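*Asks:* after the sequence you'll find the predicted model.
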Amino acid sequence: RPTPGIFFSHNVNSVLENVTVHYAEGMGLLAQLCENITLDRFNVCLKGPNDPRYFTTQADATHFSGCKGAIISKNGLYEGMMDDAINIHGTYLKVISRVDEKTVIARYMHNQSWGFEWGRTADEVQFVRSETMELLDGTNRIAEIRPYDKNQIHGAREFYIRFDEPIHPDINEKSGFGIENLTWTPEVNFSGNTVRNNRARGALFSTPRKTVVEDNLFDHTSGTAILLCGDCNGWYETGACKDVVIRRNKFVNALTNMFQFTNGVISIYPEIPNLKGQQKYFHSGIVIEDNEFDTFDAPILYAKSVDGLIFRNNTIKKNTGYKPFHWNKNRFLLERVTNAKIEE
């Protein structure tokens, strides 16, 4: 992921205040393996109404990979990106070889996400079955980790990982398992921001820790405004959300394009190849309340594999800004969702 405007790696307690990126060949801000980042009035935007450019960054405005602590993004303006305003996730390693009952060889899979540190001794991890995105019960810890295909971490794609406890007998190179590093997962607060006129989606969150998305304006985000994802098959971006609050946001005419994962203005869309075979649920603990949806088309909320979903006290307004065209004609489309409430 070359040529970001700003690059953070292994930073601690970083604060960006009143910083503006007008253009970058890659992402506006790329941060990996950092702890505690605050963006206050961080902008990725055009220079004004007379700026001859049509877009600002070739990819995400801000992108956080394998960070921990707290990520706070507030009072920013994100416009004209060729991808998302913010994407927060970890990275699954795929198990490609079982060495013994405590040891595996695991690999970074996506061609845009490898070559950097993945974990450290004593980090807490869990295992996910790629086909159904079901987590194995319990967690484990790393006893030893070292690069396997290189002599150093920089540039490595494969890692030798030994765990404190024996791993499940099913975990091997044939059964399709990913490893998630739980230690390097952040709490998130995304508030008071404006996201508008960009190409792909608005905000993407994939972390099991508390996530609050409040008081934002999502104006013509092209695809889904907010996406809760999770994918151990293509992008290999972790993981299950367990505590999410989306409140007091305004959404204006999202879904003018059909990009990936764009089944509703808010899309809870983990990639699950065998949903029928899934016994557990992936996401949980999601509350969507006191928001305003101003839309020309039908779909508001899409959710897949969720245990615990509340949609309450939201306002939906219909406009004629565009001709409705989305394949999803449902205000609410829920697939394999339990303990759901849609009210007021």
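*Replies:* Cool, got the structure.

*Asks:* can you list the domain ranges for this protein.
*Replies:* As assigned by automatic domain parsing, the chain contains the domains 6-90+185-343, 93-181.

*Asks:* can you list those in TSV and add mean neighbour count?
*Replies:* Bear in mind the C-beta positions are built from the backbone N, C-alpha and C, glycine included. Output for the domains of the chain, formatted as TSV (neighbours: other CB atoms under 10 Å):
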stretch	mean neighbour count
domain 6-90+185-343	20
domain 93-181	17
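
*Asks:* quick one, strands of the stretch 101-250 of the chain?
*Replies:* Assigned by DSSP state E, counting those that start in this stretch, the strands in the stretch 101-250 of the chain fall at 103-107, 124-129, 134-135, 140-147, 158-163, 177-181, 186-191, 194-196, 203-205, 211-214, 217-219, 226-228, 244-247, 250-252.

*Asks:* to Ile266, which of those strands lies closest?
*Replies:* Across those, Ile266 has its closest neighbour in strand 226-228 (4.9 Å, CB to CB).

*Asks:* could you dump the domains of the chain to a markdown table with mean pLDDT?
*Replies:* Below are these laid out as a markdown table (pLDDT from 0 to 100):
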| stretch | mean pLDDT |
| --- | --- |
| domain 6-90+185-343 | 97 |
| domain 93-181 | 96 |
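
*Asks:* residues contacting the residue lying closest to Asn314 once chain neighbours are set aside?
*Replies:* Leaving aside its chain neighbours, Asn314 sits nearest to Asn291 (4.8 Å; criterion: CB to CB, 6 or more residues apart in numbering). Residues near Asn291 by CB atoms under 8 Å, 6 or more residues apart in numbering: 246-251, 314-315.

*Asks:* rewinding a little: may I see the strands of the stretch 101-250 of the chain arranged in a markdown table, with distance to Ala298 as well?
*Replies:* Shown next, in a markdown table, are those (distance: least, CB to CB, whole Å):
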| stretch | distance to Ala298 |
| --- | --- |
| strand 103-107 | 41 |
| strand 124-129 | 33 |
| strand 134-135 | 31 |
| strand 140-147 | 44 |
| strand 158-163 | 45 |
| strand 177-181 | 34 |
| strand 186-191 | 26 |
| strand 194-196 | 22 |
| strand 203-205 | 22 |
| strand 211-214 | 23 |
| strand 217-219 | 17 |
| strand 226-228 | 17 |
| strand 244-247 | 19 |
| strand 250-252 | 14 |
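
*Asks:* out of those, which comes closest to Cys67?
*Replies:* For those, proximity to Cys67 was assessed by CB to CB; strand 186-191 is nearest, at 5.0 Å.

*Asks:* Provide the contact partners of that closest one at residue level.
*Replies:* With CB under 8 Å, 6+ apart, strand 186-191 has contacts from 64, 67-75, 86, 88, 203, 205, 207, 209-216.

*Asks:* now do stretch 120-127
*Replies:* With CB under 8 Å, 6+ apart as the test, stretch 120-127 has contacts from 95, 119, 135-136, 138-145, 163, 167-168, 171, 177-184.

*Asks:* and the host helix or strand of Ile96, C-alpha only, in CSV?
*Replies:* Assigned by DSSP states H and E, Ile96 belongs to strand 93-100. C-alpha atoms of strand 93-100 as CSV (Å, rounded to 0.1, in the frame of the first residue of the first chain):
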residue,chain,number,x,y,z
LEU,A,93,-3.2,-15.1,9.1
LYS,A,94,-4.1,-18.3,7.4
VAL,A,95,-2.8,-21.6,8.8
ILE,A,96,-0.9,-23.2,6.0
SER,A,97,0.9,-25.9,8.0
ARG,A,98,0.4,-27.7,11.3
VAL,A,99,3.9,-28.4,12.8
ASP,A,100,2.8,-30.0,16.0
